[in-house]
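J.: next input, structure requested:
(chains A and B, ligands or ions: 2)
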Amino acid sequence: MKMLEDFGKGTTQFFEYAGGLTELGGESLSFIGKLKIRVTETIKQCYLLGLQSLIIVILTSLFTGMVFSLESAQQAVSYGFGNLVGSAVAYTSARELGPMLSAVVVAGRVGAAIAAEIGSMVVTEQIEALQSLGLAPARFLVVPRLLALIIMLPLLAVFADVVSIGGGAWIANTYAHISYDSFMSSARQTVGFQDILKGLSKSVVFGIIIALVGAYQGLGTRGGAAGVGKATTGAVVISIILIFVSNFILSYILFGNSH
Amino acid sequence: MSNVIARLDDVSMNYGERVVLQNCSLDVVEGAITCIIGLSGAGKSTILRLLNGLRKPESGHVYVKGTDICHMPEHELINFRSAIGFAFQFAALFDSMTIGENVALPLRENTSMSESEIEKTARGTLESVGLENNYDNFPSELSGGMLKRAGFARAVVTNPAIVLYDEPTTGLDPIITHLLTDTIKRLRAQLNGTAVVISHDLQSIFMMADYVAMLFEGAIIAYDSVTKIRASMNPIVQQFLQGSEVGPIPL
Ligand SMILES: Nc1ncnc2c1ncn2[C@@H]1O[C@H](COP(=O)(O)OP(=O)(O)OP(=O)(O)O)[C@@H](O)[C@H]1O
Ligand SMILES: [Mg+2]
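T.: Ligands and ions are numbered 1, 2, ... in the order given. Model prediction:
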């Protein structure tokens, strides 16, 4: 009985959360639709949330591209398929690694920052102050962050793509003596512009997830500094889970019938 | 009877298990200064939040300018609130903005003033609370009392018809207290504005109030003009005004 009850409660909470998230998304979208956008603030957020994540995105994707190349080159060369390494690295980078790595890294850095900032505004009554001035938090706080991530995360993913393919090529060259030319021509053969675009469209979805979950967690903060901590951790955990789940769904939709 | 601009009608309100207001009713007279007094934790700040729709009661009605705001959807409430000033008990300034930007924000967002007019008005309002030199400071660089005055300036900068002040003078020195009390009176006189002021400062209440309401155990137990409240025979009011330990108020 107790288990059933817990399950029921959990399900209700899940749908409540999903509903709240959708509502916040809808509200933000309607402000974007009406062009009620704070342009300067959005640009500032592009810098804070996007540009400042560049180094960490570059580092993580560089080393992931390198390790991927290292392991596949080892195998490929021993079976005489050295010319396929470029295609393998580029293929996974454009479709999966670039969008996913940048999203997960940004979820950890930016999702947490959004939740913490908005959460501490809740506990210091700044959100109520906004409302008392006739300003909707969705327009004032959520829309600039949402737009910033929709713009910047795909750009970061492009950097991740380039850097991980570049790092992969370098490792393939120094470690397995695969020339840059053969690496790149093999890469170009398998990865089309379409693949990159599809990868970037994933990034747009991931950006929406990170911004909305961060903001929703922040706005739901209850109970002082400890509450801010909880909201922040929750934002990271929930957005990363949602990124992985939606990545599977998106891969299925976008690439499912392209084999 | 004078015009009632806002009314709590038989309102009950709780936070979880804790009952804060129970069958509480209060009339706010247009163009008058109504002071709310009561013990710490009695629910005074909660009353102000009900009056501008930041909180919804469990039961009862809240009327402002004839409209029941309890059933107003949030997107209408947002517009409705821009016509009501709210000075928060703990200032609630936006800490990512300077003091000047904080005070200018309602002008920027809710009026069609030019940028130079906005800055002039914001500077003027800050000057009226003695903060003319802090326009470019961030909230973290100001003392508690200075923050409070900046919050006060932000609440009144658009000259709203109704202003809700949550303990505007608590913790301030006597000179600033006098200045703010005068400002509240002056705004009322200039614009025939309505003010609801929560205060523990009896001296400033007696200086400015037209009406005094006492909140006790979830309801308004006394409501009258200042002179009548001062002469009230209600033992709870008497004990509160005298600050005495002996009497019906449990400690
Ligand atoms: N967000 C909240 N969650 C839970 N309880 C709350 C919340 N806000 C207020 N309360 C409770 O409601 C009661 C009334 O709070 P309120 O802030 O209205 O009191 P107050 O009369 O303004 O007190 P003070 O003079 O100390 O400012 C308090 O007992 C408080 O514990
Ligand atoms: Mg209070």
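J.: which parts of stretch B:165-181 are buried?
T.: For stretch B:165-181, burial by neighbour count (16 or more other Cβ atoms under 10 Å in any protein chain shown) applies to B:165-169, B:172, B:176-177, B:179-181. Any C-beta I mention is one placed from the backbone N, CA and C, and that applies to glycine too.
J.: show me what contacts residue B:4?
T.: The neighbours of residue B:4, taking Cβ atoms under 8 Å, 6 or more residues apart in numbering or on different chains as the test, are B:27-30.
J.: next one: residue A:251
T.: A:95-96, A:202.
J.: what about the residue in the stretch 1-150 of chain A that ligand 2 sits nearest to, how many neighbours?
T.: Nearest residue of the stretch 1-150 of chain A to ligand 2: residue A:125, at 11.0 Å (Cβ to the ion). By the criterion of other Cβ atoms under 10 Å in any protein chain shown, residue A:125 has 20 neighbours.
J.: so the closest residue to it other than its chain neighbours, which of the three states?
T.: Distance criterion Cβ to Cβ, 6 or more residues apart in numbering or on different chains; nearest residue to residue A:125, sequence neighbours excluded, is residue B:92 at 4.0 Å. Three-state assignment for residue B:92 (DSSP: H, G, I helix; E, B strand; the rest coil): coil.
J.: any idea how far residue A:5 is from residue B:92?
T.: From residue B:92 across to residue A:5, the span is 40 Å (Cβ to Cβ, to the nearest Å).
J.: so those two - more neighbours on which side?
T.: Remark: of residue B:92 and residue A:5, residue B:92 carries more neighbours, 24 against 9, as counted by other Cβ under 10 Å.
J.: the more buried one against residue A:131, yeah?
T.: No: taking contacts as Cβ atoms under 8 Å, residue B:92 lies outside contact range of residue A:131: 10.6 Å.
J.: what residues are up against the residue nearest to residue A:125?
T.: Applying Cβ under 8 Å, 6+ apart, the residues near residue B:92 are A:124-126, A:128-129, B:151.
J.: okay, now residue 81: neighbour count?
T.: You didn't say which chain, so I picked chain A. 15.
J.: if you could check chain B rather than the one you did, that'd help
T.: 23.
J.: name the SS class of the closest residue to it other than its chain neighbours, please.
T.: Spatially, and ignoring its direct neighbours in sequence, residue B:81 is nearest to residue A:134 (4.8 Å; Cβ to Cβ, 6+ apart). Look at residue A:134: counting by three-state DSSP, its state is coil.
J.: state the distance from residue A:134 to residue B:160.
T.: In terms of Cβ to Cβ, residue A:134 sits 10 Å off from residue B:160.
J.: between the two, which contacts overlap?
T.: residue B:83.
J.: need the helices for the chain, in chain order.
T.: Let's take chain A. Remark: helices assigned in chain A by DSSP state H are A:2-33, A:39-45, A:54-78, A:85-92, A:98-106, A:112-123, A:126-132, A:137, A:143-176, A:180-190, A:193-219, A:224-255.
J.: hmm, I had chain B in mind actually
T.: Under DSSP H, chain B gives helices at B:44-51, B:74-81, B:99-110, B:115-128, B:144-156, B:174-191, B:202-208, B:226-230, B:235-242.
J.: turn those helices into CSV, columns for distance to residue B:21 and mean pLDDT.
T.: Below are these laid out as CSV (distance: least, Cβ to Cβ, whole Å; pLDDT from 0 to 100):
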stretch, distance to residue B:21, mean pLDDT
helix B:44-51, 6, 96
helix B:74-81, 19, 90
helix B:99-110, 28, 96
helix B:115-128, 33, 95
helix B:144-156, 23, 94
helix B:174-191, 25, 88
helix B:202-208, 21, 93
helix B:226-230, 20, 93
helix B:235-242, 17, 92
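J.: so which of those gets nearest residue A:221?
T.: helix B:44-51 (17.5 Å; Cβ to Cβ).
J.: circling back to that earlier point, return the closest of the buried residues of stretch B:165-181 with respect to residue B:45.
T.: Of the buried residues of stretch B:165-181, the one sitting nearest to residue B:45 (Cβ to Cβ) turns out to be residue B:166, at 5.4 Å.
J.: next, work out how far apart residue B:177 and residue B:208 are.
T.: Relative to residue B:208, residue B:177 is positioned 11 Å away (Cβ to Cβ).
J.: dump the residue contacts of the closest residue to residue A:84 other than its chain neighbours.
T.: For residue A:84, ignoring the flanking residues on the chain, the nearest one in space by Cβ to Cβ, 6+ apart is residue A:76 at 5.6 Å. Contacts for residue A:76 (Cβ under 8 Å, 6+ apart) come out as A:82, A:84-85, A:88, A:176.
J.: return the distance of residue A:76 relative to ligand 1.
T.: Applying Cβ to the nearest ligand atom, to the nearest Å, the value for residue A:76 to ligand 1 is 61 Å.
J.: also residue A:78?
T.: On the measure of Cβ to the nearest ligand atom, residue A:78 and ligand 1 end up 65 Å apart.
J.: which pLDDT value goes with that residue?
T.: Residue A:78 is assigned a pLDDT of 83 by the prediction.
J.: ok, now residue A:10?
T.: Value for residue A:10, per-residue pLDDT: 85.
J.: so how far is chain B from it?
T.: Separation of residue A:10 from chain B (Cβ to the nearest Cβ, to the nearest Å): 21 Å.
J.: give the contact list for the most centrally placed residue in chain A.
T.: Centroid-nearest residue in chain A: residue A:103, 2.2 Å away (criterion: Cα atoms, centre = their mean). Contact partners of residue A:103, counting by Cβ under 8 Å, 6+ apart, are A:153, A:157, A:202-203, A:206-207, A:209-210, A:243.
J.: thinking again about what came up before, go through the helices of chain A and pick out the most buried.
T.: For those, the largest average neighbour count (mean count of other Cβ atoms under 10 Å in any protein chain shown) is found in helix A:98-106, namely a mean of 26.
J.: which of the helices of chain B sits closest to residue A:115?
T.: Nearest to residue A:115, of those and by Cβ to Cβ, is helix B:74-81 at 21.4 Å.
J.: hang on, residue B:100 packs against residue B:124?
T.: No: with contact defined as Cβ under 8 Å, residue B:100 does not reach residue B:124; the gap is 11.5 Å.
J.: of these two, give the one with the bigger neighbour count.
T.: residue B:100 (20 against 13).
J.: contact partners for the more buried one?
T.: B:119, B:122-123, B:126, B:135-136.
J.: could you turn the buried ones of the residues you listed into a PyMOL selection?
T.: This is the PyMOL syntax for the buried subset of these, where burial follows 16+ other Cβ under 10 Å:
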select buried, chain B and resi 119+122+123+126+135
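J.: between the contacts of residue B:100, which is closest to residue A:52?
T.: residue B:136 (24.8 Å).
J.: can I assume the closest one is in contact with residue B:102?
T.: No: if you go by Cβ under 8 Å, residue B:136 and residue B:102 don't touch, sitting 11.4 Å apart.
J.: farthest-separated two in the contacts of residue A:103?
T.: The largest distance within the contacts of residue A:103, taken as Cβ to Cβ, falls between A:157 and A:209 and amounts to 13.8 Å.
J.: can you list the residues of chain A near chain B?
T.: A:121, A:124-126, A:128-136 (Cβ under 8 Å from any Cβ of the partner chain).
J.: count the residues that sit near residue A:35.
T.: Neighbours of residue A:35 (other Cβ under 10 Å): 7.
J.: and it, how far from residue A:42?
T.: For residue A:35, the distance to residue A:42 - Cβ to Cβ - is 12 Å.
J.: do the same with residue A:80
T.: Residue A:80 is 52 Å from residue A:42, by Cβ to Cβ.
J.: what does residue A:123 give?
T.: Residue A:123 is 25 Å from residue A:42, by Cβ to Cβ.
J.: then residue B:133?
T.: The gap separating residue B:133 from residue A:42 is 32 Å, by Cβ to Cβ.
J.: same question for residue B:54.
T.: From residue B:54 to residue A:42 the distance is 27 Å (Cβ to Cβ).
J.: so residue B:123 sits against residue B:131, correct?
T.: No: with contact defined as Cβ under 8 Å, residue B:123 does not reach residue B:131; the gap is 9.6 Å.
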